[in-house]
Each structure stands twice: as C-alpha cells, then as structure tokens.
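> What follows is a predicted structure for the sequence shown.
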Amino acid sequence: MKLLILMKLHPVVNVSRIALCQEQVKGQKKIPSPPVEIKRKKEYKVEKILNRKDVRGKPKHLVRWKRYMAEEDTWEGLENLGNMMDLVKEFEKEIREEEIRKVQIRKEKEKEKILNPEAEVFRRSELLKKYIAKILFG
C-alpha cells in the first residue's frame, strides 16, 4: 500500500468497464402523476421547458414533465403544448435575455482588449510559464 501512495497514481478506468446503472439511486425515483383531463383529452403537467431546437423549420421544445425523471423528457412541438404557451413564452424570453447578456459580455471583452492590449499578452505568457513549469517539475 505504501508503494501506491508514493507513486501518486491517478484512478483511471477503461471506458469499456463503464456501464449504465441498472437500478435507481435511493430517493431518486419519482412517482409519475396521472394525466389531467382537459376537454376530454388526457394531458400531463409540464414542470419546465429545458431547451429548444428547430426540426424541419418547426420549433420543438424539450419538456420536463411534472413528477417524472429526466429520462422521460421529450421533444414536443407547439401543437402539443397548446395549454402551456405561457411557459413557452417565458422560456423564449429567458433565451433572448441570455443571448443579450452574452453579446454584452463579448463587447466588454473586446473593449478591454482594445484599451489594454498588453494585459492579454501578459495573461497568455503567464499561462505559458505555469504550463511549462508544470511539465518540467510536475
């Protein structure tokens, strides 16, 4: 055992040895709720909209269903989310705000580079020195 501690080995596992867990982790399993009837149709409650993509020009949203686990998330079109348009609009608004924030951050970084070009060069050279020192001295 002392030999292993002195060698400073890293725990490495071959990818072929990794397998999906067959059982649920204790406390993770959720009990699915029954569908709600609206206008004589069975409908499930939406917990959250997670993502958006366009498939053949039509928007699809990744939906997390209430009281279901992440494995049951599905991509749904707007026609299937008719009663949840307020959640869709809220998600679209969040996406737009996030994109605006990213653009503002990018512009601020560009301004900083223009105003102080030496700072960026200093940071790069500093990283290079640390990297070389790490390779040489471990």
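Cool, got the structure.
> ok, the longest strand belonging to the chain: who's next to it in the sheet?
Taking DSSP state E as the criterion, the chain has its longest strand at strand 46-55. The pairing partners recorded for strand 46-55 under DSSP bridges are strand 58-65 (antiparallel).
> Okay, buried residues for the partner strand please.
Neighbour counts using 16 or more other CB atoms under 10 Å place 60-61, 63-65 of strand 58-65 among the buried residues. Every C-beta, even on glycine, is put in place using the N, C-alpha and C of the backbone.
> Could you export these as a markdown table, including pLDDT and distance to Val15?
Formatted as a markdown table, the buried residues of strand 58-65 follow (pLDDT from 0 to 100; distance: CB to CB, whole Å):
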| residue | pLDDT | distance to Val15 |
| --- | --- | --- |
| Lys60 | 93 | 31 |
| His61 | 91 | 32 |
| Val63 | 90 | 31 |
| Arg64 | 88 | 29 |
| Trp65 | 85 | 32 |
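> so which of those comes closest to Val103?
Val103 lies nearest to His61 out of the buried residues of strand 58-65, by CB to CB, at 23.3 Å.
> Is that closest one in contact with Arg52, as I believe?
Yes: judged on CB atoms under 8 Å, His61 makes contact with Arg52 at a distance of 5.3 Å.
> Between these two, which contacts overlap?
Overlap of the contact sets of His61 and Arg52 (by CB atoms under 8 Å, 6 or more residues apart in numbering) consists of Phe91.
> Give me the buried positions along stretch 74-93.
76, 81, 84, 87-88, 91.
> Any chance of TSV for those residues, columns pLDDT, secondary structure and distance to Lys41?
Rendered in TSV, the data for the buried residues of stretch 74-93 read as follows (pLDDT from 0 to 100; DSSP: H, G, I helix; E, B strand; the rest coil; distance: CB to CB, whole Å):
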residue	pLDDT	secondary structure	distance to Lys41
Glu76	90	strand	15
Leu81	82	coil	13
Met84	83	helix	14
Leu87	89	helix	18
Val88	90	helix	19
Phe91	91	helix	23
